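S.K.: No sequence on hand, only this structure:
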């Protein structure tokens, strides 16, 4: 029996703002961003994916109560922390929300993404890295500072991964933003990721991709 896809409430294709989630999805597979932003479809999530999403929605409140968002010892002193910080960059045409923004005693600003999942053998997942870098670029444009690193904290295995932000990584992230914007303009369906051609893996658009 064929599964039916739900349509997203956002149906204005002229909406040009791009989000860090768009970038994360595009790096995972460009078609995911196409289905969500151009066709305005919602993925069909399995029970594990749904549980993960609901858990993520409760993370900020949970961590706020715990007063200590990261169990791992960090190589700097945290002076301030702010949860669910919304930012926007007109230069990039990007808006997004940071799970946790840290400010060190030296004034360094560090974005933190909290993931209700397991790390990749103690390392950051590829798509999460680019999502995090875009959050760093949002901070740079908003506060006029340089963001040199970010953090992804994986709750399932309590791994805190510090990601250095190199100039080349920032440039690649901006190129991805431009590719997404071009896709929104042309409405052309991109190729799927090579690993799942014919066999989409862990994707809520698997049935749609096979059509």
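M.R.: Cool, got the structure. Here the structure is a predicted model, which means the values were calculated and not measured.
S.K.: Which pLDDT does the model give residue 44?
M.R.: pLDDT for residue 44: 77.
S.K.: right, and it touches residue 35 too?
M.R.: No - using C-beta atoms under 8 Å, residue 44 is not in contact with residue 35; the gap is 10.9 Å. Yep, even glycine has a C-beta here, placed from its N, CA and C like the rest.
S.K.: quick one: common contacting residues for these two?
M.R.: Listed as contacting both residue 44 and residue 35 by C-beta atoms under 8 Å, 6 or more residues apart in numbering are residue 205.
S.K.: out of the two, which sits in the busier spot?
M.R.: Neighbours were counted for residue 44 and for residue 35 using other C-beta atoms under 10 Å; residue 35 has more, 23 against 17.
S.K.: Now for that one: which residues touch it?
M.R.: The contact partners of residue 35, taken as C-beta under 8 Å, 6+ apart, are 41, 43, 205, 208.
S.K.: Around the first one, how many other residues sit close by?
M.R.: Applying other C-beta under 10 Å, we find 18 residues neighbouring residue 41.
S.K.: Check residue 183 too.
M.R.: 20.
S.K.: Helix, strand, or coil at it?
M.R.: Of the three states, residue 183 takes helix under DSSP: H, G, I helix; E, B strand; the rest coil.
S.K.: Which parts of this structure are helices?
M.R.: In the chain, the helices defined using DSSP state H lie at 20-28, 30-33, 47-66, 126-143, 167-186, 206-210.
S.K.: Just the mean pLDDT for stretch 203-211, thanks.
M.R.: pLDDT averaged over stretch 203-211 gives 74.
S.K.: Next, the buried residues of it.
M.R.: 203, 204, 205, 208, 209 (16 or more other C-beta atoms under 10 Å).
S.K.: Can you list the low-confidence ranges for the chain?
M.R.: Along the chain, the parts satisfying pLDDT under 70 run over 1-15, 45-72, 194-202, 210-211.
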